[in-house]
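# fold the following and give me the result.
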Amino acid sequence: MNKITESEFERYEQPILSDEQSKMDWSRIARALFRGRWIIFLSFIVVVTSTAILTSRMQPVYQAETTILIEGVSSIDRNLPMFGNEGVGQLSNRIQNEIELIKSRSLAEAVMKKLLESPYREEITLLKESGNFDDKVTQLRKRIEAKGSRDNDIVRIMVTGASSFEAAYFANKIAETYLEQSLKASRGEVSEVRKFLEDELEKVRARLAASEEARRQYMEEERIPALDAETMKLVEQSSNFRSQLAETETDLNASLRRLDYLRKQLSETKMTLVEDISSISSPLIQQLMKDLAEKQTRLASIQGRGAPGAEITAKSLETEINAIKERLKEETRKFAATTVGTNDPLGTSQRLYEDILSVEIDIKSLTARAEALRTIVDGYEARLEALPEKSLMLARLTRDSQINEKLYLMLKEKYEESRIAEAGRKASVRIIDEAKPPKSPIRPNKRANIIIGVFLGLGIGIFASILIEYTDNSIRTVEDIERLGIPVLGTIPYINLDEITKKLEREGKEIDDQLWEKLETRLITTFSPKSPISEAYRALRTSLLFSDLERKRQVILLTSATTKEGKTTTSCNLAITLASAGMKTLLLDADFRRPSIHRNFRLERHHGITDILLGTLTIEQALKPTELGNLEILTCGEIPPNPAEIIASDFFNDLIQKLRQMYDVIIIDSPPIIAVTDATILAKIADTVILVTHSGYIAKREVLRCVSILKSVGVKLTGVVLNGLDIKRVYGSYYYYYHYYHYYYYYGSKDKQKSKSTRIEKKHVEA
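Down below sits the predicted model:
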């Protein structure tokens, strides 16, 4: 019997535990990929097709780009004197501020209003979407992207749209609107003055026309001739000073308008502003302001008296007044730098503060001048009151007409100057490149999506194939058995009756009922001895006989873990190959529960082993011959109620001993080892125990369970026969042809080698 010690079994079992935890090898991965080729192909087709369909249904998104230049950055922000080498950071902040303005809601609202008034509004997809004005503004902001550069003052504005035209149109409208807002901000201060002068000019024009008409009507109604020379001179002097007063008051109001605008701009920077320049606690500035007011009063008085040499004195005073103003501006600039500079890294608030203080100086100067002129005008008004009533009325009408005319000419001149100044102001932004309609959308990128779909489909298929391979616990290949540390005696390919039938038909054989019955028995070694499957059985025979030359292989037990694994078919074909090799072979059906050998050979099941054990028949009477002279069969006979007791009896053991003396090889077909104990009992009296497994039919744990059962009775499993292996499906067609044609290359001609192989095998059995 084939018994082993505990230490031997531990050495045998060790590879099983270690190989179960072995790392993946490339051959297994390659095999997994081949086995899962249809999964990979299906995954590839499904993912790529789905990607193509989804891509074709996606709404295309186009992106247009326009570039703008932020002017004034390099000349101002990079060279702020109070911040040393911080210019780069200030530049970055300035560019970032401009980017935020481009993406602001106020700009988006202004652009949306233009879009609603656009002649293309019926073609713009954004305007067709549901939602109110604010919703559309939000959607527009989501489409805007602005990026700056650290190396230059260029800002790129990228806008997406549902069409090529729409994207370019949006980008250009945004740049255009941003330019308009920048220009408006740049002209804001001057525009306020221009608007004021424009309004005043209209009022004075109306007053001038009314005063001239009133003078004409009065002279016609009263029939009063023109004023005398002395009265006319008095009227002209009064009108001159009233004109100067009106001009001063106009300048004062314009300065006040400008001051309000600057204060509003500064308040938006969150800076604290003094209410008046007089509140500045600087003695020098206070003294300069006092000197300025005094000189303005003197200048007005000298101009009012009109004494000899007054023009020279007035020019001298004007020069002194201008010098005081320049000194005041310098001092207030220094004051602004020390007060605001540390809280305003970009210098914006500082410049506004300086402008406010400068306007405050002009207001103080104009106020002093207006007060002095008002005193002079009051003096002339008193002199005019001494005229006769009719002359007084005509003088006043004449004076009002002259005042309005001079004021109108003065305002018109100042209005033109402010308009020119406003036109000369430039925006801090310049459009470099306008957006052009893009030729292709940025989304979806069909080529990129298809490439991603290809790799994703292949990746999913490959991953699924490898996952199935490494989660599949079934025995499918020789490598699966070898990883358990169990020897593999041979592999039997899957017997496909359709292929065998076609092959026999090609060889000219007629498939009659008799031949078909043989085919159904799957005894391929009898009706197709030259087939690769028959060669596999002969290779199993050789592997079995030469696996251990020192141990006798006379009684061979074939069992399986479960039913329907091809154990009986393997037993029959192995017995036929052994008999064909010249060995006297006995095929013994020890499966007393579901015997089937008699059906394969078309024999009667009765008159078998149970009859011999009962003594009703002798061995010779129970033996059944076959077409092969060296092969005889001993069927099970009547099915007993207690198979395990019969197999474990001394009578059965004595029967095996007698048969050993009669045959070279005894093949025992037994029940599955896990289902019943029959095979375990038979294993103790056999020389060789072979486990037949069907590829993809049982799990690894079931094979290990068989090994454990045999270990419990002290028997070592000789090896495993992998049955039903579909080599084409598992390994591929190349391996299929290589595996079988390699046999002929290695062994040479079968006819030449057959007799030599048979002699060696027979000699080994006899030994």
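# beta partners for residue 68?
residue 155, residue 431 (DSSP bridges).
# tally of neighbours for it?
By the criterion of other Cβ atoms under 10 Å, residue 68 has 24 neighbours. All C-beta atoms are positioned from the backbone trio N, CA, C, and that covers glycine.
# can you show me the strands along the stretch 601-750 of the chain?
624-625, 631-634, 665-669, 688-694, 719-725 (DSSP state E, counting those that start in this stretch).
# next, format those strands as JSON lines and append mean neighbour count, distance to residue 317 and mean pLDDT.
Converted to JSON lines, the strands of the stretch 601-750 of the chain look like this (neighbours: other Cβ atoms under 10 Å; distance: least, Cβ to Cβ, whole Å; pLDDT from 0 to 100):
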{"stretch": "strand 624-625", "mean neighbour count": "14", "distance to residue 317": "151", "mean pLDDT": "90"}
{"stretch": "strand 631-634", "mean neighbour count": "23", "distance to residue 317": "146", "mean pLDDT": "93"}
{"stretch": "strand 665-669", "mean neighbour count": "26", "distance to residue 317": "138", "mean pLDDT": "94"}
{"stretch": "strand 688-694", "mean neighbour count": "26", "distance to residue 317": "123", "mean pLDDT": "92"}
{"stretch": "strand 719-725", "mean neighbour count": "23", "distance to residue 317": "121", "mean pLDDT": "88"}
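# quick one: which of the ones you listed is nearest residue 569?
Proximity to residue 569 (Cβ to Cβ) singles out strand 719-725 among these, at 7.7 Å.
# which strands or helices does the closest one pack on?
Contacts defined by 3 or more Cβ pairs under 8 Å, 6 or more residues apart in numbering; DSSP states H and E place strand 719-725 against helix 478-483, strand 488-493, helix 567-580, strand 688-694.
# longest helix of this structure?
Using DSSP state H, we find that the single longest helix of the chain is helix 164-222.
# helices or strands next to it in the packing?
Packing contacts for helix 164-222, counted by 3+ Cβ pairs under 8 Å, 6+ apart, involve strand 62-70, helix 87-102, helix 105-116, strand 154-161, helix 229-267, helix 389-424, strand 429-433.
# can you add mean pLDDT and distance to residue 292 and give those back as JSON lines?
What follows is these, written out as JSON lines (pLDDT from 0 to 100; distance: least, Cβ to Cβ, whole Å):
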{"stretch": "strand 62-70", "mean pLDDT": "89", "distance to residue 292": "39"}
{"stretch": "helix 87-102", "mean pLDDT": "67", "distance to residue 292": "36"}
{"stretch": "helix 105-116", "mean pLDDT": "90", "distance to residue 292": "41"}
{"stretch": "strand 154-161", "mean pLDDT": "90", "distance to residue 292": "45"}
{"stretch": "helix 229-267", "mean pLDDT": "72", "distance to residue 292": "14"}
{"stretch": "helix 389-424", "mean pLDDT": "68", "distance to residue 292": "22"}
{"stretch": "strand 429-433", "mean pLDDT": "85", "distance to residue 292": "39"}
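# closest to residue 641 out of these?
strand 154-161 (85.9 Å).
# for that closest one, which positions count as buried?
155, 156, 157, 158, 159, 160, 161 (16 or more other Cβ atoms under 10 Å).
# so the last one makes contact with residue 65?
I take that to be residue 161. No. Assessed by Cβ atoms under 8 Å, residue 161 is found out of contact with residue 65, at 11.9 Å.
# indicate which one of the helices and strands packed on strand 719-725 is closest to residue 331.
helix 478-483 (95.3 Å).
# so which other helices or strands are in contact with the closest one?
Looks like helix 478-483 contacts helix 26-35, strand 488-493, strand 719-725 (3+ Cβ pairs under 8 Å, 6+ apart).
# related to what we said a few turns ago, closest to residue 567 among the buried residues of strand 154-161?
The nearest one, if we look at the buried residues of strand 154-161 relative to residue 567 and count by Cβ to Cβ, is residue 160, at 70.3 Å.
# quick one: buried residues of stretch 584-599?
Buried residues in stretch 584-599, counted by 16+ other Cβ under 10 Å: 584-593, 595-598.
# and these, which two are furthest apart?
Comparing every pair within the buried residues of stretch 584-599 by Cβ to Cβ identifies 584 and 593 as the most remote, at 28.2 Å.
# where does residue 324 land in three-state SS?
Assigned with DSSP: H, G, I helix; E, B strand; the rest coil, residue 324 falls in the helix class.
# ok, residue 61 to residue 131 distance?
Separation of residue 61 from residue 131 (Cβ to Cβ, to the nearest Å) stands at 19 Å.
# the two: who's more crowded?
Taking other Cβ under 10 Å, residue 61 and residue 131 do not tie; residue 61 has more neighbours (15 against 11).
# phi, psi of the nearest residue to residue 96 once chain neighbours are set aside?
Counting by Cβ to Cβ, 6 or more residues apart in numbering, residue 96 lies nearest to residue 148, which is 6.8 Å off, once chain neighbours are set aside. Here the main-chain torsion angles of residue 148 (degrees, to the nearest 10) amount to phi -110, psi 180.
# change the start of the numbering to 21 and stick with it
Yep, numbering from 21; the last one is residue 168 now.
# wait, what's in contact with residue 168?
Residues near residue 168 by Cβ atoms under 8 Å, 6 or more residues apart in numbering: 112, 115, 116, 118, 119, 174, 175, 176.
# ditto for residue 185
Per Cβ under 8 Å, 6+ apart, neighbours of residue 185: 140, 143, 457.
# mind running it again at 10 Å?
82, 84, 140, 143, 144, 457, 458 (Cβ atoms under 10 Å, 6 or more residues apart in numbering).
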